[in-house]
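In: How does the following fold in three dimensions:
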Amino acid sequence: MRAIRVHEHGGPEVLRLDDIPVPEPGPGEARVRIAAAGVNFIDIYHRSGQYKGALPMTLGMEAAGVVDAVGPDVNDVRVGDRVVYAMRQGAYAEYAIVPAAMLAPVPEGVDLQQAAAVMLQGMTAHYLAYSTYPLRQGDVALIHAAAGGVGLLLVQIAKRCGARVIGTVSTEEKAALARAAGADDMILYTQEDFSAAVRRLTDGAGVHVVYDSVGKTTFEGSLNCLRPRGYMVLFGQSSGAVPPFDPQVLNAKGSLFLTRPSLGHYLLTRDELLWRAGDLFKWMAAGELKVRIDSTYSLEQAAEAHRALASRATSGKLLLLP
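Out: Numbers count the residues shown, from 1 in each chain. Just a heads-up that it's a prediction; the model follows:
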C-alpha cells in the first residue's frame with residue numbers, strides 16, 4: 001500500500017510517499033480501508049520533531065473509512081462497517097490498523113469525508129466546551145483562530161451551550177465565516193490589540209474562558225483577557241511553544257486557572273468516545289452543526305497540505321484522500 005512517512009524530522013519536504021506492506025490486524029484490532037484522513041497541526045508537530053516518535057513514522061491521527069478485516073476477539077465492529085477514529089498514528093495511508101475499541105460508527109446521513117473532517121477537531125471542540133471548562137448560559141468565551149478547523153466547530157458548540165462568543169481572526173473574510181457560525185463579536189488581531197478589544201467589548205470585566213490554540217504569540221495577551229478566576233485553556237501552539245513563565249503571574253492577574261489539555265486524555269473510555277462522536281454526528285445529521293472542508297489533497301500532495309495548514313490561511317478542514 002501507499003503511505004506518507006517521515007524518515008527524518010524537518011519541514012514538509014521530508015514527507016515521503018512509500019510503498020509498504022498492507023498490515024494485518026492482531027487481537028482486538030481492525031484494518032480500515034481509508035477513504036479520507038484529516039490533516040492537523042499535531043501532524044506538523046510529529047513531522048517537525050516537536051512531538052517525538054519512532055522513525056520511520058506514518059503520519060496522520062484521524063481517518064474515516066470501511067472496516068476491511070478484523071483480528072481475533074473483536075466484537076465492536078464487523079467487516080463492511082463505516083467507521084471513523086482519532087488519536088491513532090498512521091492515517092496518511094491506504095489502510096490503517098486501529099484498535100476496534102477506538103472506532104466509532106458513522107451513521108447513515110453522514111458521508112465519510114464529513115466524518116473524517118469532524119472527528120479530531122470536533123471532539124476537541126466538544127471536550128473543550130463540555131469538559132475542560134463546561135460552558136454555561138451567560139458565560140463569555142474568547143476563541144482564538146475562530147475561523148479555523150477547531151474554531152468554527154467550537155463557536156457553534158459554545159453557542160449551543162448558551163455562551164457569548166468573542167472570536168479572533170486575521171481577515172474580514174474569516175470574520176464573516178465565524179459570524180456565520182454564530183460568533184457574537186469578532187476581533188481582527190491584524191488591526192487592533194485583541195486584549196484591549198476584549199476589555200472594551202466586556203466593559204472591562206474580561207471573559208470567563210480563553211480557548212487558545214495559537215500559543216506563543218497570544219498567550220500573554222490571553223491572560224490579560226480573563227476576569228478573576230478565569231480559565232486559560234491552551235490546547236495548541238500553532239505559533240510556537242509558550243516560553244516558561246512564573247506561576248505567580250496567575251495570582252497577580254486574578255487567581256487564574258491554566259490547563260494544557262489534549263484530546264487523548266478526554267477519550268479515556270469507549271463510552272466517552274461514543275458520547276463525543278455521537279453528539280457530533282447527531283448534530284450534523286440534524287443540520288445543527290456545519291462542518292466546513294477547506295480543501296482536499298491526494299497522498300502525493302501531503303507536503304502541499306502541510307504548507308497550507310501552517311500558513312494559517314485556511315478556513316475549515318484539510319483532508320487527504322488516498
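
In: so what's residue 281 up against?
Out: Residues near residue 281 by Cβ atoms under 8 Å, 6 or more residues apart in numbering: 106, 107, 110, 115, 118. Glycine gets a C-beta too; all of them are placed from N, C-alpha and C.

In: Contacts only, for the last one.
Out: In this structure, residue 118 makes contact with 153, 280, 281, 284, 289, 291, 317, judged by Cβ under 8 Å, 6+ apart.

In: nearest to residue 227, of these?
Out: The nearest member of these to residue 227, counting by Cβ to Cβ, is residue 153 at 25.0 Å.

In: Spatially, which two of the contacts of residue 281 are the most separated?
Out: Among the contacts of residue 281, 107 and 118 lie farthest apart (Cβ to Cβ), at 12.3 Å.

In: Distance of the residue nearest to residue 29 when sequence neighbours are not counted relative to residue 60?
Out: Spatial nearest neighbour of residue 29, excluding adjacent residues (Cβ to Cβ, 6 or more residues apart in numbering): residue 71 at 4.6 Å. From residue 71 across to residue 60, the span is 21 Å (Cβ to Cβ, to the nearest Å).

In: now residue 178
Out: Counting by Cβ to Cβ - residue 178 and residue 60 are separated by 27 Å.

In: can you tell me which of the contacts of residue 281 are in helices?
Out: 115, 118 (DSSP state H).

In: got the contact list for the residue most central in space within the chain?
Out: Nearest to the mean C-alpha position of the chain, by Cα atoms, centre = their mean, lies residue 121 at 2.8 Å. For residue 121, the contacting residues are 38, 40, 149, 150, 153, 317, by Cβ under 8 Å, 6+ apart.

In: In space, what's closest to the second one - neighbours in sequence excluded?
Out: By the measure of Cβ to Cβ, 6+ apart, the closest residue to residue 40 outside its immediate chain neighbours is residue 120, 5.6 Å from it.

In: mind listing what that neighbour touches?
Out: 38, 40, 42, 61, 62, 86, 87, 263.

In: Same question for residue 102.
Out: Residue 102 touches 85, 86, 87, 88, 270, 273, counting by Cβ under 8 Å, 6+ apart.

In: buried subset of these?
Out: 85, 86, 87, 88, 273 (16 or more other Cβ atoms under 10 Å).

In: what's the helix or strand for the first one?
Out: Following DSSP states H and E, one finds residue 85 within strand 82-86.

In: Can you name the element that comes right after that strand?
Out: That would be, after strand 82-86 and using DSSP H and E, strand 95-99.

In: between that next one and strand 82-86, how many degrees?
Out: 70 degrees (axes from the mean of the first three to the mean of the last three Cα atoms, to 10 degrees).

In: Please enumerate residues in contact with strand 95-99?
Out: 1, 22-26, 28-34, 60, 63, 65, 68, 85, 88, 90.

In: one more time with 10 Å
Out: If you take Cβ atoms under 10 Å, 6 or more residues apart in numbering as the criterion, strand 95-99 is touched by 1-3, 20-34, 37, 58, 60, 63, 65, 67-69, 71, 74, 76-77, 83-86, 88-91, 270, 322.

In: Just these: which are in helices?
Out: Those of the contacts of strand 95-99 lying in helices (DSSP H): residue 270.

In: who does the closest residue to residue 88 other than its chain neighbours bridge with?
Out: For residue 88, ignoring the flanking residues on the chain, the nearest one in space by Cβ to Cβ, 6+ apart is residue 98 at 5.2 Å. Residues in a beta bridge with residue 98, per DSSP bridges, are residue 30.

In: Would you quantify the distance from residue 98 to residue 30?
Out: In terms of Cβ to Cβ, residue 98 sits 6 Å off from residue 30.

In: what residues are shared contacts of the two?
Out: 67, 77, 83, 85.

In: If you tally nearby residues, what's the number for the second one?
Out: Look at residue 77: counted by other Cβ atoms under 10 Å, it has 19 neighbours.

In: Wait, it touches residue 84, no?
Out: No. If you go by Cβ atoms under 10 Å, residue 77 and residue 84 don't touch, sitting 11.2 Å apart.

In: Now do the shared contacts for the two.
Out: 32, 98, 103, 104, 105.

In: still on that earlier bit, pull out the buried residues from the contacts of residue 281.
Out: 106, 110, 115, 118.

In: so how far is residue 66 from the second one?
Out: Same thing as residue 110. 14 Å.

In: Could you do residue 166 as well?
Out: For residue 166, the distance to residue 66 - Cβ to Cβ - is 41 Å.

In: which residues of this structure fall in helices?
Out: 41-48, 112-127, 149-160, 172-181, 194-201, 219-224, 248-252, 270-285, 302-310.

In: Of those helices, which is nearest residue 12?
Out: Going by Cβ to Cβ, the one of these nearest residue 12 is helix 302-310, 3.8 Å.

In: and that closest one, which residues are buried?
Out: Those buried within helix 302-310 under the rule 16+ other Cβ under 10 Å are 302, 303, 305, 306, 308, 309.

In: before we move on, back to that, looking at residue 166 and residue 66, which one has more neighbours?
Out: residue 166 (25 against 16).
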